[in-house]
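In: fold the following and give me the result.
(chains A, B, C, D, E and F, ligands or ions: 9)
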Amino acid sequence: MRYRPVLISVIFLFLFAVIGSGLVAYMHENTAARIADNQRRALLQSLNELIPHADYNNDIYTDIVYVRDPELLGTPQPVPVYRARKNGWPVAAVFAPVAPNGYNGAIRLLVAVRVDGTLAGVRVLAHRETPGLGDHIEADRSDWILAFNGKSLQDPKPQNWKVKRDGGVFDQFTGATITPRAVVAAIKNTLLYYQAHGHGLFEKHPAKTS
Amino acid sequence: MVDLLQQPLDIVGGLRLAANKAQSLRSPLRAAPIPERLIVPLGQHIGDPAEASVEVGQQVLTGQVIGRSLNYIGAPVHAPASGTVCDIGDYPVAHPSGLKATCVVIQSDGQDRRAETGLRMPAALAADPADIRQRVRDAGIVGLGGAGFPSAVKLNPGREVELLVINAAECEPYISCDEALMCARPEEVIAGIRIMQHALQARQVVIGLEDNMPAAFDCLKRGLEAVGETAIRIMPVPTVYPAGGEKQLIYALTGEEVPSQGLPADLGIVCHNVGTAAAVARALGQGEPLISRIVTVTGAGVREPCNLEVRIGTPIAELVAACGGYSDQVTRLLMGGPMMGISLTSDRLPVIKTTNCILAASDAEAPAPAAARPCIRCGKCAEVCPAYLLPQQLFWYAHARDFDKVQDYNLFDCIECGCCAQVCPSHIPLVQYYRFAKTEIWDLERQRARADVARQRHEFRLERLEREKQALEARRAAAKKGLETREKSGDADAKKAEIAAALARVQARKSGQAATPGTGAPDDSANTSKANR
Amino acid sequence: MSGYRRILRDGLWTNNVGLVQLLGLCPLLAVTGTFINGLGLGLATLITLVASNVIISLIRKLVRPEVRIPVFVLVIASVVTVIELSMSAYLYGLYKVLGIFIPLIVTNCSIIGRAEAFASKNSVGRALTDGFAMGLGFLLVLVTLGGLREIIGQGTLFAGAHLMFGEAARTWTITLIDNYSGFLLAILPPGAFIGLGLLIALKNVIDRAGQRRAALVTTPPPAPARTTA
Amino acid sequence: MDFPTQSSPYLPASNDVGQLMLRVSLALVPGALCLFWFFGWGVVFNLVLSALSAVLAEAAILALRGRPIRPALGDGSALLTGLLLALALPPLAPWWIPVLGAAFAIVVAKQLFGGLGYNPFNPAMVGFVVLIISFPLQMTLWPPPTGLHEGHALDLGETFRLIFSGATPDSHTLDSLTMATPLDSAKTQLGLDYTWSEIRAKPLYGGFAGYGWEWINLAYLAGGLWLWRKRVIQWQIPVALLGALGATALLFHIGDSDTFGSPLFHLFSGATMLGAFFIATDPVSAATTPRGRLYYGAGIGVLTYVIRTWGGYPDAIAFSVLLMNMAAPTIDYYTQPRVFGHRDK
Amino acid sequence: MLTAILALGTLAALFGLLLGYSAIRFRVEGDPIVDQIDNLLPQTQCGQCGFPGCRPYAEAIAGGEADINQCPPGGDSGIQALAELLGVDPKPLNAEHGEHTEARVAVIDEQTCIGCTLCIQACPVDAILGAAKQMHTVIARECTGCDLCVAPCPVDCIEMVPVERALATWKWPYPQGEHRPIADTGS
Amino acid sequence: MSELALILVSTVLVNNFVLVKFLGLCPFMGVSRKIETATGMALATTFVLTLSSVCSYLANEYLLAPLGLEYLRTITFILVIAVVVQFTEMVVHKTSPLLYQVLGIFLPLITTNCAVLGVALLNVQEQHGFLESAVYGFGAAVGFSLVMILFAGIRERVAAADVPAAFQGSAIALITAGLMSLAFMGFSGLIKG
Ligand SMILES: Cc1cc2nc3c(=O)[nH]c(=O)nc-3n(C[C@H](O)[C@H](O)[C@H](O)COP(=O)(O)O)c2cc1C
Ligand SMILES: Cc1cc2nc3c(=O)[nH]c(=O)nc-3n(C[C@H](O)[C@H](O)[C@H](O)COP(=O)(O)O)c2cc1C
Ligand SMILES: Cc1cc2nc3c(=O)[nH]c(=O)nc-3n(C[C@H](O)[C@H](O)[C@H](O)COP(=O)(O)O)c2cc1C
Ligand SMILES: Cc1cc2nc3c(=O)[nH]c(=O)nc-3n(C[C@H](O)[C@H](O)[C@H](O)CO)c2cc1C
Ligand code: SF4
Ligand code: SF4
Ligand code: SF4
Ligand code: SF4
Ligand code: FES
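Out: Ligands and ions are numbered 1, 2, ... in the order given. Down below sits the predicted model:
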């Protein structure tokens, strides 16, 4: 008698837990595939902005290697490189390097380098630059980042991979030099990395590190 | 135990104000004429007012008791002049409320015939302290320094007294009655002090006065030498308002702080005003109860500022007339000093025992208050507060009527000295906010006490009704039982019994409801029908 | 039925979750950077509110006090997770933008608040109406605030509509002011607080105007708003 | 005879809010002149625009609330808010920057809370912070501190056109007209691994702090000391602020003199002195107990150093002041002085 | 799916056990909040709040059944105090329940009183003295001013009069001028 | 160690839960009228938040992750939280009436405090370990408590201010909170990376 309420509590909680989790589990089973697909497509979409889908036909989403170079890639962590191939032939490598010295810390980039060493495109993945000043590096906010398309270490020459104020060819923003300076330097470094190690990249086996 | 300091301290906070005492000290102390009609309030002190002990039409002599007080904290009132009682009734008195209070009005016969008071005590210094206290009480002496607390009570602190402090600081600007007294009658003051010391059995005595009254200092010193008194010290304290506040003076002289909510007696100190001491000397030396006092009449609003010995009950207008009347600059009439006094609506009000000063001020001396602005929390008030309070916080919460918070910030340690309001750049009437909050809190406490009584009485009543109801039910049950046993025969009867029981239940419920207020007459008023909802 | 009208009025205005009860503030302030974000979360919350109100009203007589809250919470959490899963399956873009605030609908105080204050004491029909009214009221505040912040902050309206309505909606974005450099404050956290403060003040002004007009008609006081006394 | 009544005390008032505000404004003059000397006409435009719109905004709100306008404007507090905000703004900011900032300061930070005396936050600093987070670009438009003797890049007319129409004179771009302030460039260069001694050698560095800025700060210091002499402000806040800022800077500078700027640099650059004597001392939003003021000032000093050194903003007086404004009521609550006759605490 | 159900089900059952058990183990009676609320009510016992006395109203507030703005004798300050205790926003007195008036006491016109005792039965605090057919009087110190005795009196001999303000109970007024009380600041 | 300190500073100041992350706003607005109540709520929240941060970490690590039931996270976490809260309330009520006086009425409110569930979910998102979860929860709670108490201090002052009628009450409170969050913007960028 005294413990009947306990029993009722138990049964109640149990019942609702079972119904609730059953419902959710059912829902999960029905949507899991779709959700995974969504996640894949989200990444693909940002890659496709850099390398048109028509240019490659491998499963770029899983064709990844991880490389490490604190000097040139701006982070001691391994950096993922997505590899685009067409019929098995290398097309481009997409790096996710870091520009460590933005105005407010690191800026995470996505840099796509074609096999010939020209840039297919650059995007900013994440940053903490001052809104309204440093955030013009976002493609949504200004076309500045698009100016890198087609650039390479030959055009302009490495010593000109700087913002104009420092005697280079790239625009800085009014009132903000630090951010573009950091981005330009990071892209240049990525190109340098590619120059040094680029060809080996496509031979490595895809590997997952966590 | 407390010890006097060698060198008095500067009090913390406070203001250095222009003294403005010279004008009233130019002419010597003299007696004011006895007016034709004296209006003597029965409550001139802290505690319940006295009760009139004379009747209208009765003849009275100077010094005869006209109001008696039965309370321990209370003081009798005496006729300030001989004559006829022509009225006992409500007259306006000097009080910020402007309310009236019971007064005995005496038509003076101009002869000032003295009554035999039986207060005289030739060998007071050898008498039993209890005897002295009784005579001080009978003489109607209350503190002349400000609050008007019955002095006999303060002569009975209920513990050993180390130090008697005679407060002669007179820190408020304009007021000079104590200084005039000390210059004119040092022997009377000293006699009074010696009696008080004896009554209190105080080991040490000190007279504290501000260091800007050298004349008074000299007179007292000569007076002490004249009687060969060496035990009484005179210590000038720095001239800072409010150095004359009891707590501040004690701090300046001893370095001790009177505990919050406590009395000087907690430190073994008793503090009396010099005027009070003189009044004691007069009562016990000449048998004269407290029927007159020295009042400073000053300010640019009177023609001839001076100090007058005034009979209690003298209308202020007559005092002013004795000083050459108003000058044309007068705009404001104050009783007390410019920092703590109250402003009067009319000069028909009488002088009472605690009236130390009548200040007829010009517009330059006491201008109409500038419009108050919001507090900017500049903290100037806190810099000058001698109680180390945060007047801005007190104000903030008094303004918001947050009476809990305002007490958290120690409202009741405020001595209402007015320093804060004086320096406030926003011209906020800070002291009024504090007085408002204090009286409001007292009122709330009274209400709370009443509510507690009401709750108790209500609960008693509910209990009583409950008891009555149960008694009723018991009776009903007994009756029902009787019914059942009697008519147990048929089904119909059982039904009847059921109906009866139900009826009883309804009845019971009804009477239960009667336990709730207002259902004495369930369908009478809107109120009661709501109560039943 | 006037009872239902009263519930509707309560939810939409008199006892509005966001403006009066000040519940569900976290999503209200966090996701109202744009109109569309507000709309998305508002709809999700609306659905949750209706569903949980109905379920709780159904089971209200069965639950013991010591497990009442856990059970309510379980119900709400299940509903929310279902919604979360469907959103990530069918509105992935929006799901990403709203982020943690979708699972946090569970702790949106207004939902458990309504469960406790209303659904657990009323019939299914009334609970449903209440959930709908409250949810709609909340939704309206979300989109108003979102719209305002978006306009002031970046000079656009309906930006990001494609996240909800598909690629075709990309063109819906209205740019109200060209070359607007943006008043960033509105989008940043302080702007959210201040914006809601202004909305509440606006409601107060309207209420007072209404009161002045209908000076004598007194409305009954709103039901107590707190979850717990 | 009958007389008017009132509550005690009755003596003529010895202080007045309007006079207080006037004195603060006067004390700003040396600093403002110095600023003008180094940065040119833009300073004047800022002062005029900001003060004007502050006063107008105040009047407008008072009118809306149906309150008497004259006495409230007469206290001069709105004007002072406008002036203080203006002195913190970059001289080449477009006209709407001071206007918007002052209006926001007065309307949202001051009048919504009830006007003078009720605002928990320093209005001028609220205005400034709103501007710097919303319009960082316009808020970095500081010309080089060349000084009148070297001649400014822009004369009165050119400044006017730049501020009101955004038109730069032919030979210039906005970028060439402006440069980072010493605090800003020191911060970014330290971030780029320059050493402090290298930075000290740069032209932007003057005798002991930022070029030009050291004089401006000295002028504010002089004005502040005058205010203290006149008993408009008390010593606690400035002393605690400067002491804490100096001490923190010294500590780090001694620890690693290559990566951390010198105490003098911190004390005499940016808005330090303006902040210490004119802004942190705003009585309304500061702590009001004597001990509380020490904590309050020290808090601002330390926060300023922290944000300047590690945070996202080159100068942090405004943020630190607002952050400590936030804490002021709580500080007051916990730092009540011992009351006369009370034992401990 | 089965693991999901099982896992969560077990967890929930365990929790249920825990809570159910603690509900018994840590059972507590009584609710101190009622006393606290009752302490803030004026104890006029007038029933204007819609409840038969202050305590029932306190219980109703604690139970969430009544709002805090229904006690006219308590007035705005009473509501304020309740709001603070309960941590809710104060609101204006609900006019449905009456208006706040200043304190009053009942006075029985002793000439007219017929000694019917009806008022005695109505008085919630037994503040009326008298026996049947004898003249009644109100003990002014104990009268709460609740008004309840006025209506029952068949000869209308009871009058409510404002409590007199004496010097000793006089209150300093709230200062006038710029500083208006919070309650009546205009928009 | 410095990692943990960084988490602490970050959660208390830079990413303050209330003013920057927008979590736990309802109690922040609802029980901040007086410093005393705010302190009570702050204490209660600190306790529950830290405890439930740890508990939900355990639940995730040892129940959900091994079984691959991550999608049940929300349900499980909220269940854990509700039970922790309910249990705490009952225990406190019985064992310490005094503490219950202080915390009692706040405890039930905590279940629906977004910050509590938010911490649990963010722990997973940021892949915190056991100690990190504890510190993260504690830091979030301290940040919450800090701004809550300061906010209460300001609100007590503003309550007595001459605020325009339309803004009295929650409107001005929200604007005050807005200005607080404006001040907290100063901390942005304090922790790089
Ligand atoms: C609040 C504030 C935020 C800033 N944010 C950035 C930024 O995100 N990126 C940037 O490059 N510069 C930023 N700056 C400006 C830099 O500090 C520096 O002034 C700018 O890069 C101009 O340098 P320059 O004179 O060499 O062109 C900011 C300045 C301030 C005052
Ligand atoms: C309510 C009250 C009670 C007092 N009780 C005593 C007392 O019991 N014994 C005593 O010696 N003085 C007592 N005093 C007198 C004070 O110590 C003090 O001397 C007197 O109030 C005059 O102080 P003031 O003019 O500075 O206000 C009492 C005063 C007040 C106001
Ligand atoms: C601010 C303040 C100033 C005072 N100034 C004097 C004063 O100057 N002289 C004086 O005798 N009493 C002054 N008093 C009253 C004293 O505190 C104290 O009541 C008195 O000395 C006690 O003596 P009594 O009971 O004989 O009046 C002042 C009180 C206050 C609160
Ligand atoms: C010493 C002093 C400093 C002041 N500093 C400021 C300030 O920093 N910012 C401001 O808006 N107003 C300032 N004021 C003006 C005034 O106090 C301010 O406008 C109020 O905060 C408005 O309520 C100051 C006033 C004084 C007397
Ligand atoms: S002096 Fe006046 S304005 Fe200054 S803090 Fe005190 S009360 Fe406020
Ligand atoms: S009146 Fe009270 S608060 Fe003001 S200075 Fe005097 S003691 Fe301090
Ligand atoms: S209205 Fe107030 S005083 Fe009257 S019974 Fe109700 S609570 Fe008591
Ligand atoms: S005497 Fe009358 S008014 Fe007074 S308490 Fe009794 S019933 Fe109420
Ligand atoms: S919605 Fe986050 S605490 Fe209420």
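In: which element is C:Gly153 on?
Out: helix C:124-154 (DSSP states H and E).
In: so for that helix, what gets flagged as buried?
Out: Applying a neighbour-count criterion of 16 or more other Cβ atoms under 10 Å in any protein chain shown, one finds C:126-154 buried in helix C:124-154. (Glycine included, C-beta is placed from N, CA and C.)
In: for the chain, which spans come out with low pLDDT?
Out: I'll assume chain A. A:1-2, A:204-210 (pLDDT under 70).
In: if you could check chain C rather than the one you did, that'd help
Out: In chain C (pLDDT under 70), the answer is C:1-2, C:66, C:215-229.
In: what does it put close to ligand 9?
Out: C:23-26, C:107-109 (Cβ under 6 Å from any ligand atom).
In: buried subset of the residues you listed?
Out: With neighbours counted by 16+ other Cβ under 10 Å, those contain buried members at C:23-26, C:107-109.
In: next step: those residues restricted to helices.
Out: Residues of those located in helices (DSSP state H): C:25-26, C:109.
In: picking up where we left off before, next structured bit after the helix holding C:Gly153?
Out: Once helix C:124-154 ends, the next helix or strand along the chain (criterion: DSSP H and E) is strand C:156-157.
In: which of the residues of chain C next to ligand 9 lies closest to D:Leu85?
Out: Nearest to D:Leu85, judged by Cβ to Cβ, of those is C:Leu25 at 30.9 Å.
In: quick one, what contacts the closest residue to that closest one other than its chain neighbours?
Out: Nearest residue to C:Leu25 in three dimensions, chain neighbours excluded: F:Leu25, at 3.7 Å (Cβ to Cβ, 6 or more residues apart in numbering or on different chains). By Cβ atoms under 8 Å, 6 or more residues apart in numbering or on different chains, F:Leu25 lies in contact with C:25-26, C:29, F:18, F:114.
In: can you narrow those to ones near ligand 5?
Out: Cross-checking these against ligand 5 (Cβ under 6 Å from any ligand atom) gives no overlapping residues.
In: wait, which of those residues is closest to ligand 7?
Out: Nearest to ligand 7 among the contacts of F:Leu25, counting by Cβ to the nearest ligand atom, is C:Leu25 at 33.5 Å.
In: so that closest one makes contact with C:Gly18?
Out: Yes - in this structure, C:Leu25 is within contact of C:Gly18 by Cβ atoms under 8 Å, at 7.3 Å.
In: so where's chain E uncertain?
Out: Low-confidence segments of chain E (pLDDT under 70): E:28-31, E:177-187.
In: again but with chain B, I slipped
Out: Using pLDDT under 70, the flagged stretches of chain B are B:1, B:484-533.
In: domain-wise, how is it divided?
Out: By the assignment in automatic domain parsing, chain B contains the domains B:22-358, B:380-436.
In: ligand 2: which of the ones you listed is closest?
Out: Ligand 2 lies closest, by Cβ to the nearest ligand atom, to one member of these: domain B:22-358, at 3.4 Å.
In: whether the closest one contacts ligand 6 - can you check?
Out: No - shown here: domain B:22-358 not in contact with ligand 6 (Cβ under 6 Å from any ligand atom), separated by at least 7.6 Å.
In: start to end distance for that domain?
Out: End-to-end distance for domain B:22-358, by Cα to Cα, to the nearest Å: 15 Å.
In: I'd like to know how many residues surround D:Val44.
Out: Using other Cβ atoms under 10 Å in any protein chain shown, D:Val44 is surrounded by 17 other residues.
In: and it, what does it touch?
Out: In this structure, D:Val44 makes contact with D:Phe36, judged by Cβ under 8 Å, 6+ apart.
In: that one: helix or strand, and which one exactly?
Out: Using DSSP H and E, D:Val44 sits in helix D:42-65.
In: in that helix, what counts as buried?
Out: By 16+ other Cβ under 10 Å, the buried positions in helix D:42-65 come out as D:42-47, D:49-51, D:53-62, D:65.
In: by proximity to chain B, which residue of chain F wins?
Out: Evaluated by Cβ to the nearest Cβ, chain F has F:Ala160 as its residue closest to chain B, separated by 3.3 Å.
In: surely that residue touches B:Phe395?
Out: No - under the criterion of Cβ under 8 Å, F:Ala160 is not in contact with B:Phe395, lying 9.8 Å apart.
In: look at those two and report which has more neighbours.
Out: B:Phe395 (29 against 19).
In: what distance do you get for the more buried one to chain E?
Out: As judged by Cβ to the nearest Cβ, to the nearest Å, B:Phe395 and chain E stand 9 Å apart.
In: which is the next helix or strand following whichever strand or helix holds that residue?
Out: Assigned by DSSP H and E, B:Phe395 belongs to helix B:391-399. Heading C-terminal from helix B:391-399, the first helix or strand you meet, by DSSP H and E, is helix B:403-408.
In: tell me how far that next one is from the chain's mean position?
Out: On the basis of Cα atoms, centre = their mean, to the nearest Å, helix B:403-408 sits 23 Å off its chain's mean C-alpha point.
In: please, which helix or strand holds residue 38?
Out: If you meant another chain, say so; for now it's chain A. Element membership for A:Asn38 (DSSP H and E) is helix A:4-50.
In: you answered for a different chain; I wanted chain F.
Out: Assigning secondary structure by DSSP H and E places F:Ala38 in helix F:35-59.
In: whichever helix or strand comes after that helix - what's its average pLDDT?
Out: Per DSSP H and E, helix F:35-59 leads on to helix F:65-67 as the next helix or strand towards the C-terminus. Over the span of helix F:65-67, the pLDDT mean works out to 89.
In: what comes into contact with helix F:65-67?
Out: Contacts to helix F:65-67, defined as Cβ under 8 Å, 6+ apart, come from residues E:3-4, E:7.
In: any part of the helix holding B:Phe395 near ligand 6?
Out: Yes - for helix B:391-399, a contact with ligand 6 is found by Cβ under 6 Å from any ligand atom, at B:Pro391.
In: that helix: which residues count as buried?
Out: Under the neighbour-count criterion of 16+ other Cβ under 10 Å, helix B:391-399 has B:391-399 buried.
In: and which of the residues you listed is nearest E:Thr144?
Out: Set against E:Thr144, the nearest of the buried residues of helix B:391-399 by Cβ to Cβ is B:Ala398 (28.1 Å).
In: hang on, the closest one packs against B:Val406?
Out: Yes - the pair B:Ala398 / B:Val406 is scored as a contact, 5.1 Å apart, by Cβ under 8 Å.
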